[in-house]
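Novice: show me the folded form of this:
(one chain, ligands or ions: 1)
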Amino acid sequence: MSNVKEIIGLMDSPTEADKTLINKAYDFAQKAHDGHTRYSGEPSFNHLAATAVELARLGMGPKTIAAGLLHDTIEDVNIAPETIEKEFGKEILFLIDGVTKLGKLRYHGAERHRESLRKLLVATSKDVRVLIIKLADRLHNMRTLQFVPEEKRKRIALETIEIYAAIAHRLGMGMMRRELEDLAFEYAYPKEYKEVRALLTERTAQTMVHLEKMSRALKKELAKVGLTRFRTDHRVKGLYSLWRKLQRKDNDINKIYDIAALRIIVPSVEDCYRVLGMVHNLWRPLPNKIKDYIAFHKPNGYRSLHTTVFTGDGGIVEVQIRTEDMHNEAEIGIASHIFYKEGKRGDVKQSSFYWIRNLLPRFPQGGAAADTGGSRYKITKVPEWIEQLGSNQEDGDDYESSLRADFFSERVFVFTPKGDVVDLPVDSSPIDFAYAIHSDIGDHMAGAKVNGKMVTLDTKLHNGDIVEILTKKNSKPTRKWLESAKTTLARRHIRNALAR
Ligand code: MN
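Specialist: Here you go, the predicted structure:
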């Protein structure tokens, strides 16, 4: 089990105050969850400590880590939000609250709702730190999925792939994405998992021999020109991503050249290009396989040089060349842009993309919460690739469309009691919801419940609301409904009904 020393040890130069905060949150969570256990039989608190360790590893600051420790206190052990606020302040409560709300969203596997659910998650989060806590939380849940009752595993695994790994990918968090996908794969597609694992095991042994040889040859060559400050490592392709690629390549593993890749990490961008030249001098590259993701990075921010070469002894291997910074960014993505520093928010660029602005921490400088001293988090710049998430670019992966800013500022996502997502324009009412479900339901609406409570029909719906429509055979639309109906669909039906 992780202890508080491990968490603090992973933090980047924490102050005394930071350590005090982490210790306090640790003790508070331990006490709050005392006597509670998980499916595995281990204390619930282990899950909180593991989540905090993951956040510290990602380089998150003390408030996010503290919120990670406390993220289940409101939902699971009924600690009052007021207590959290009194003990830990508004900002930490805000983060926990966000995570708790996300926990209520359920994935039901309907294809048409996937995209909405991902957007809803991002919209509901408000602050990218909430999403990162949720990802760390999910990661530990996936690591312990074998203890969860069997009938639940598949749903959770599919949700992890379709929703959480997809979001991690979009946020550039390559390591998180890979781990979530590979943990989920086994439970989501057991048969395919076994096949691909067998295939990969067979292939990996072969490829590793090539990689070792190449790595040695390259080191010698680089030393000749005085390049000694570099390191190499290999990465084996994730099982899930290999499976997806196999599907695109007629299930022929011989058409996949990046099962294993040699990575070369060098000090500067200039070195990247130098090393690429040397690699091509040593081994003949495959045509059309040279990718300069430094000059033209992927939409999620990924940067690297890629090339695929013949190893000379029958092998074909992908080589990836990058700097330490690029490597770090590729592994932890957006987390690498959230700095824990004393600082003001003045230099957060005004982006034209509302949605990512909404994901930036909202608290500094006496914003929504008067947190003593303001937040010490800042995103020093909005990286270009984040801005590009707001445009319509595709990166060829299966994330159907980008997370559009204007979209969020104009839509709300609400749920049917069964958990299906319905997206409506901002300021929509239960009337709009009813017609979005079915015109018959709209035409015979007698009342509405939002989150279990009866409401008037002109109530404005908010993100994440669960809406239930009550109908009566002899109910019908009135002129007054027109004032509360936002969608053209609802208005048209109401007018038709009035005309009858
Ligand atoms: Mn949790």
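Novice: okay, now the unreliable bits of the chain?
Specialist: 1, 106-126, 338-411, 419 (pLDDT under 70).
Novice: distance check, the closest residue to the ion within the chain against G35.
Specialist: Here the chain gets closest to the ion at one residue, D137, 4.2 Å apart by Cβ to the ion. (Glycine included, C-beta is placed from N, CA and C.) In this view, D137 and G35 are 21 Å apart by Cβ to Cβ, to the nearest Å.
Novice: tell me which of these two has more neighbours.
Specialist: Neighbours were counted for D137 and for G35 using other Cβ atoms under 10 Å; D137 has more, 23 against 8.
Novice: how about the more buried one, nearest residue that isn't a chain neighbour?
Specialist: With Cβ to Cβ, 6 or more residues apart in numbering as the criterion, D137 has its nearest non-adjacent residue at 5.1 Å, and that residue is T51.
Novice: for the one you found, what are its contacts?
Specialist: Counting by Cβ atoms under 8 Å, 6 or more residues apart in numbering, T51 makes contact with G68, L69, H71, I133, A136, D137, L139, H140.
Novice: packing partners for the helix or strand harbouring the second one?
Specialist: When you say that, I think you mean L69. Using DSSP states H and E, L69 maps to helix 62-70. Applying 3 or more Cβ pairs under 8 Å, 6 or more residues apart in numbering; DSSP states H and E, one finds that helix 62-70 contacts helix 16-32, helix 45-57, helix 81-88, helix 90-104, helix 128-143.
Novice: may I have that helix as PDB, with CA atoms only?
Specialist: Provided in PDB are the C-alpha atoms of helix 62-70 (Å, rounded to 0.1, in the frame of the first residue of the first chain):
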ATOM      1  CA  PRO A  62      -0.800  19.500  -4.100                       C
ATOM      2  CA  LYS A  63      -4.500  20.600  -4.400                       C
ATOM      3  CA  THR A  64      -5.100  18.100  -7.200                       C
ATOM      4  CA  ILE A  65      -3.400  15.400  -5.200                       C
ATOM      5  CA  ALA A  66      -5.400  16.300  -2.100                       C
ATOM      6  CA  ALA A  67      -8.600  16.200  -4.100                       C
ATOM      7  CA  GLY A  68      -7.500  12.800  -5.400                       C
ATOM      8  CA  LEU A  69      -7.200  11.500  -1.800                       C
ATOM      9  CA  LEU A  70     -10.600  12.900  -1.000                       C
END
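Novice: anything in that helix near the ion?
Specialist: No: Helix 62-70 lies out of reach of the ion by Cβ under 5 Å from the ion, never closer than 9.0 Å.
Novice: can you map out the strands along the chain?
Specialist: 231-236, 260-266, 291-292, 305-310, 316-323, 338-340, 377-379, 411-415, 421-425, 445-450, 453-455, 467-471 (DSSP state E).
Novice: V196 contacts W243, correct?
Specialist: Yes: here V196 reaches W243: they are 4.7 Å apart, a contact under Cβ atoms under 8 Å.
Novice: overlap in contacts, the two.
Specialist: Joint contacts of V196 and W243 (Cβ under 8 Å, 6+ apart) are F185.
Novice: roughly how far does R129 sit from A198?
Specialist: Separation of R129 from A198 (Cβ to Cβ): 40 Å.
Novice: I meant to write E186 there.
Specialist: For E186, the distance to A198 equals 13 Å [Cβ to Cβ].
Novice: of those two, which one has the most company?
Specialist: More crowded of E186 and A198, by other Cβ under 10 Å: E186, with 18 against 10.
Novice: tell me how many other residues crowd the nearest residue to the more buried one once chain neighbours are set aside.
Specialist: In this structure, E186 finds its nearest non-sequential neighbour in Y193, 4.6 Å apart by Cβ to Cβ, 6+ apart. Y193 has 18 neighbours, counted by other Cβ under 10 Å.
Novice: next up, the contacts around Q320.
Specialist: A261, L262, R263, I264, S304, L305, H306.
Novice: can you pick the most crowded of these?
Specialist: I264 (26 neighbours).
Novice: so what's it bridging to?
Specialist: For I264, the beta-bridge partners under DSSP bridges are T232, I321.
Novice: and it, how far is that from R322?
Specialist: Distance of I264 to R322, computed by Cβ to Cβ: 8 Å.
Novice: ok, now L93?
Specialist: In terms of Cβ to Cβ, L93 sits 39 Å off from R322.
Novice: so for the two, which residue has more residues nearby?
Specialist: A direct count of neighbours by other Cβ under 10 Å for L93 and R322 places R322 higher, at 25 against 21.
Novice: for the more buried one, which residues are in contact?
Specialist: By Cβ under 8 Å, 6+ apart, the contact list for R322 reads R263, I264, I265, V266, C272, I294, R303, S304, L305, A330.
Novice: looking at those residues, spot the one nearest I79.
Specialist: A330 (37.7 Å; Cβ to Cβ).
Novice: can you count the residues close to K255?
Specialist: For K255, using other Cβ under 10 Å, the count is 11.
Novice: what's the local residue count around the nearest residue to it once chain neighbours are set aside?
Specialist: Distances taken as Cβ to Cβ, 6+ apart put K249 closest to K255, at 4.1 Å, once the chain neighbours are dropped. Neighbour count of K249, defined by other Cβ under 10 Å: 12.
Novice: name whatever forms a beta bridge with the residue nearest to W283 when sequence neighbours are not counted.
Specialist: In space, and not counting its chain neighbours, W283 is closest to V309: 3.8 Å by Cβ to Cβ, 6+ apart. Using DSSP bridges, the bridge partners assigned to V309 are P285, V317.
Novice: list the residues that contact V309.
Specialist: So V309 contacts V279, H280, L282, W283, R284, P285, L286, I316, V317, V319 (Cβ under 8 Å, 6+ apart).
Novice: could you pick out the buried ones from those?
Specialist: For the contacts of V309, a burial check counting by 16 or more other Cβ atoms under 10 Å picks out V279, W283, I316, V317, V319.
Novice: re earlier: thought A184 was touching the residue nearest to E186, still the case?
Specialist: No: with contact defined as Cβ under 8 Å, Y193 does not reach A184; the gap is 9.6 Å.
Novice: ranges for the helices of the stretch 101-250 of the chain?
Specialist: Counting by DSSP state H, counting those that start in this stretch, the stretch 101-250 of the chain has helices at residues 111-125, 128-143, 150-159, 166-170, 174-188, 190-224, 239-248.
Novice: thank you kindly, that will do.
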